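>>> have a look at this fold, sequence not included:
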């Protein structure tokens with residue numbers, strides 16, 4: 001009996017492979033955890049990028065290419081899927097972010113106060129904002145404290161930051177500080193099993209005529225290593241100016257990192273719709289019958305149906 005109750009002197013965290021047996025069985029045969037796919041139909045031969053709990057996604061883009069619009073569209077879609085979000089809005093005033101979301105829901109600028117209030121009633125069901133007012137910045141500690149409260153008190157499962165470089169006391173040349181900040185964000189997502197989307201900017205030397213990728217993220221390279229997913233939004237300015245270009249899409253959202261096993265890196269060709277100020281997929285066949293296993297969300301985006 002004494003031997004049965006005895007404990008080893010092994011260091012904390014040192015585990016035999018056999019001690020993971022139940023976790024592995026749960027992974028294969030327990031309830032399956034699914035993420036929320038992006039609201040655009042996945043191109044043929046590629047799987048939709050899904051936003052899973054416990055992960056962090058970088059949204060990269062050149063200034064003026066539509067990152068904030070796309071982020072707000074994603075948060076509307078996530079709300080339509082039944083999940084609440086908390087947005088740390090540093091680059092855009094909170095009221096302006098909500099006005100943009102209203103326009104996306106209605107498909108146009110509100111015609112009167114009734115339309116605005118109707119859209120706002122929907123948004124209030126799933127959106128909470130961390131709004132620092134005129135300061136347009138905050139220390140990461142306050143952001144994480146507020147997010148922790150929003151998760152515990154209001155059940156938020158999605159968190160977004162626009163943008164990472166607006167964090168207080170985090171200069172662009174403080175690579176160690178940036179790495180530690182990203183590590184804290186990843187630890188927050190893993191500990192609470194929530195998803196975090198953080199907007200990033202590319203280096204100033206990035207050519208606006210090409211798609212920025214993982215090596216263009218401004219700041220410390222370990223931030224890219226620590227995140228689970230990465231994607232870039234690119235605006236085809238040459239096409240807008242009538243110049244010759246191989247790319248026919250108005251915008252392209254390219255996934256350049258995805259840790260989920262079995263996921264091909266997707267490339268979404270998007271068309272900007274000025275009415276709602278949102279993006280639509282150019283490859284979207286529009287009809288549910290043409291997409292077995294997919295259905296429309298009430299925001300017009302796609303949700304992949306599964307047996308489990």
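It's in. Here the structure is a predicted model, which means the values were calculated and not measured.
>>> give me the buried stretch members for the lengthiest helix in the chain, please.
Ranked by residue count, the top helix of the chain under DSSP state H comes out as helix 175-192. Residues 177-179, 181-182, 185-186, 188-189, 192 are the ones in helix 175-192 that count as buried (16 or more other C-beta atoms under 10 Å). For glycine as for every other residue, the C-beta is placed from the backbone atoms N, C-alpha and C.
>>> find the centremost residue of this structure, please.
residue 197 (3.7 Å; C-alpha atoms, centre = their mean).
>>> point out where the stretch 151-300 of the chain drops to low pLDDT.
Applying pLDDT under 70 to the stretch 151-300 of the chain flags residues 260-264, 284-300.
>>> would you state the strands of it in chain order?
In the stretch 151-300 of the chain, the segments counted as strands under DSSP state E, counting those that start in this stretch are 158-162, 195-200, 229-235, 251-258, 267-273, 278-281, 294-296.
>>> for residue 220, find the nearest of these.
Evaluated over the strands of the stretch 151-300 of the chain, closeness to residue 220 peaks at strand 195-200, with 11.2 Å, by C-beta to C-beta.
>>> using CSV, lay out the strands of the stretch 151-300 of the chain together with distance to residue 83.
What follows is those, written out as CSV (distance: least, C-beta to C-beta, whole Å):
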stretch, distance to residue 83
strand 158-162, 6
strand 195-200, 9
strand 229-235, 17
strand 251-258, 20
strand 267-273, 21
strand 278-281, 19
strand 294-296, 17
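>>> in whichever strand or helix holds residue 150, what counts as buried?
Counting by DSSP states H and E, the element that carries residue 150 is helix 140-154. For helix 140-154, a neighbour-count test (16+ other C-beta under 10 Å) marks 140, 143-144, 146-148, 150-151 as buried.
>>> likewise for stretch 79-88?
Residues of stretch 79-88 classed as buried by neighbour count (16+ other C-beta under 10 Å): 79-81, 83-88.
>>> from those, pick the one nearest residue 108.
residue 80 (18.3 Å).
>>> any figure for the gap between the closest one and residue 71?
Using C-beta to C-beta, to the nearest Å, one gets 15 Å for the distance from residue 80 to residue 71.
>>> surely residue 259 touches residue 228?
Yes - with contact defined as C-beta atoms under 8 Å, residue 259 counts as touching residue 228 (4.6 Å).
>>> the two: who's more crowded?
Set residue 259 next to residue 228 and count neighbours by other C-beta atoms under 10 Å: residue 228 wins out with 20 against 11.
>>> now that one: phi and psi?
Phi and psi for residue 228, reported as degrees, to the nearest 10, are phi -90, psi -40.
>>> what residues are up against it?
By C-beta atoms under 8 Å, 6 or more residues apart in numbering, residue 228 lies in contact with 52, 55-57, 186, 257-260.
>>> what's the closest non-adjacent residue to it?
Leaving aside its chain neighbours, residue 228 sits nearest to residue 55 (3.8 Å; criterion: C-beta to C-beta, 6 or more residues apart in numbering).
>>> test my guess that the one you found contacts residue 192.
No - judged on C-beta under 8 Å, residue 55 makes no contact with residue 192 at a distance of 11.7 Å.
>>> quick check: the residue lying closest to residue 131 once chain neighbours are set aside vs residue 278, distance?
The shortest distance from residue 131 to any non-neighbouring residue, by C-beta to C-beta, 6+ apart, is to residue 94 (3.7 Å). Residue 94 sits at a distance of 19 Å from residue 278 (criterion: C-beta to C-beta).
>>> neighbour-wise, which of those two wins?
residue 278 (27 against 16).
>>> pretty sure the more buried one sits against residue 73.
Yes - taking C-beta under 8 Å as the definition, residue 278 is a contact partner of residue 73 at 4.7 Å.
>>> list the buried ones in stretch 112-128?
By 16+ other C-beta under 10 Å, the buried positions in stretch 112-128 come out as 116, 119-120, 122-123, 126-128.
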